[in-house]
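Fold the following and give me the result.
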Amino acid sequence: MQVPPEISFNGLDRSEYNEDYIRERIQRLERMHDAIIACRVVVERPHRNRHTGNPFRVRVEVTIPRKGELVASKEENAEPKVALRTVIARTFEAMEKQLRSVTSEQEVRAPRMMPEELDNPHGMVVRLFPEDGYGFIKTLDGREFYMHRNSVLHDDFDELRIGTEVRFTPELGDKGPQASTVQIIGNPGARASHNPPDLAAPPGGWEARP
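Below you'll find the model as predicted:
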């Protein structure tokens, strides 16, 4: 997690017992989704209900790439027998359900690459946006990889053309597969005629980035 988890108690005393449990559940979220950026947990007892039963409210906020912020919130204010830990557990269960859904969706859109696929594959430049400093590489098996100008060895980005054959190291970035240590191995533009006309525009959701 890029940002340390934030846990706050409002309207009730901070409990080491419950805080330790919250940290355990946060660690479980991290095991479910290894790209969590931040997590904020708020445990509160609203003033209006402080003397009526056992009114607890728990809110869990998680920030992840692509999706931004996910929120799960639960409130119990009916029976004094409902323990705060039960409310915490129910809230984290709701968040886990959201993370499972997001993880499944991202795996379909950008499946993790197997070890045998990571050995410097060859590809061809199929989209190129020189003014913005990025482009896309396509391998023989149809996978596409984002490429930033800083990833091209020897400052050769300006030498790239549609159809240039390259070797690169694949990585899984925040927005999907991306290429690093890109090296030109073919004559720039030599295969330009093999590219279909619909490769002129960038796919939705991509943007130039350092």
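
Tell me which helix or strand S8 sits in.
Using DSSP states H and E, S8 falls within strand 6-10.

how is the protein carved up into domains?
What automatic domain parsing lists as the domains of the chain is 6-109, 115-199.

rank these by mean pLDDT and give me the bottom one.
Across the domains of the chain, domain 115-199 has the smallest mean pLDDT, namely a mean of 79.

Neighbours of R127, how many?
20 (other Cβ atoms under 10 Å). C-beta: built from backbone N, CA, C; applies to glycine.

Mind listing what's buried along the strand or helix carrying it?
According to DSSP H and E, R127 maps onto strand 122-129. Buried positions in strand 122-129, judged by neighbour count with 16 or more other Cβ atoms under 10 Å: 123-128.

just stretch 145-161 next, same as before
Under the neighbour-count criterion of 16+ other Cβ under 10 Å, stretch 145-161 has 145-149, 151-152, 157, 160-161 buried.

Is it possible to get a markdown table of those that adds secondary structure and distance to C39?
Output for these, formatted as a markdown table (DSSP: H, G, I helix; E, B strand; the rest coil; distance: Cβ to Cβ, whole Å):
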| residue | secondary structure | distance to C39 |
| --- | --- | --- |
| F145 | strand | 30 |
| Y146 | strand | 27 |
| M147 | strand | 32 |
| H148 | strand | 29 |
| R149 | helix | 34 |
| S151 | helix | 31 |
| V152 | strand | 36 |
| F157 | helix | 37 |
| L160 | coil | 40 |
| R161 | coil | 45 |
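
before we move on, back to that, give me the contacts around the helix or strand just after the strand holding R127.
Note on strand 122-129: by DSSP H and E, the next helix or strand toward the C-terminus is strand 134-139. For strand 134-139, the external contacting residues (Cβ atoms under 8 Å, 6 or more residues apart in numbering) are 121-129, 144-149, 160, 166, 168, 179, 182, 202-203, 206, 208-209.

about what we covered before: K97: which of the buried residues of stretch 145-161 is nearest?
Y146 (30.3 Å; Cβ to Cβ).

could you measure that closest one against A72, distance?
Going from Y146 to A72 by Cβ to Cβ, to the nearest Å gives 31 Å.

Longest helix in this protein, please.
For the chain, the helix that runs over the most residues, judged by DSSP state H, is helix 84-109.

Output the contacting helices and strands for that one.
Where contact means 3 or more Cβ pairs under 8 Å, 6 or more residues apart in numbering; DSSP states H and E, helix 84-109 is packed against helix 16-32, strand 56-64, strand 68-76.

just how off-centre is it within its chain?
15 Å (Cα atoms, centre = their mean, to the nearest Å).

so A38 makes contact with P65?
No - in this structure A38 lies outside contact range of P65 using Cβ atoms under 8 Å: 11.3 Å.

Mind telling me which residue is nearest the centre of this protein?
Centroid-nearest residue in the chain: P65, 3.1 Å away (criterion: Cα atoms, centre = their mean).

quick one, phi psi at that one?
phi -60, psi 150 (degrees, to the nearest 10).

does L12 sit in a helix, a strand or a coil?
Three-state call for L12 (DSSP: H, G, I helix; E, B strand; the rest coil): coil.

Pull the contacting residues for the nearest residue to it once chain neighbours are set aside.
Distances taken as Cβ to Cβ, 6 or more residues apart in numbering put R45 closest to L12, at 4.7 Å, once the chain neighbours are dropped. Applying Cβ under 8 Å, 6+ apart to R45 gives the contacts 10-12, 55-57.
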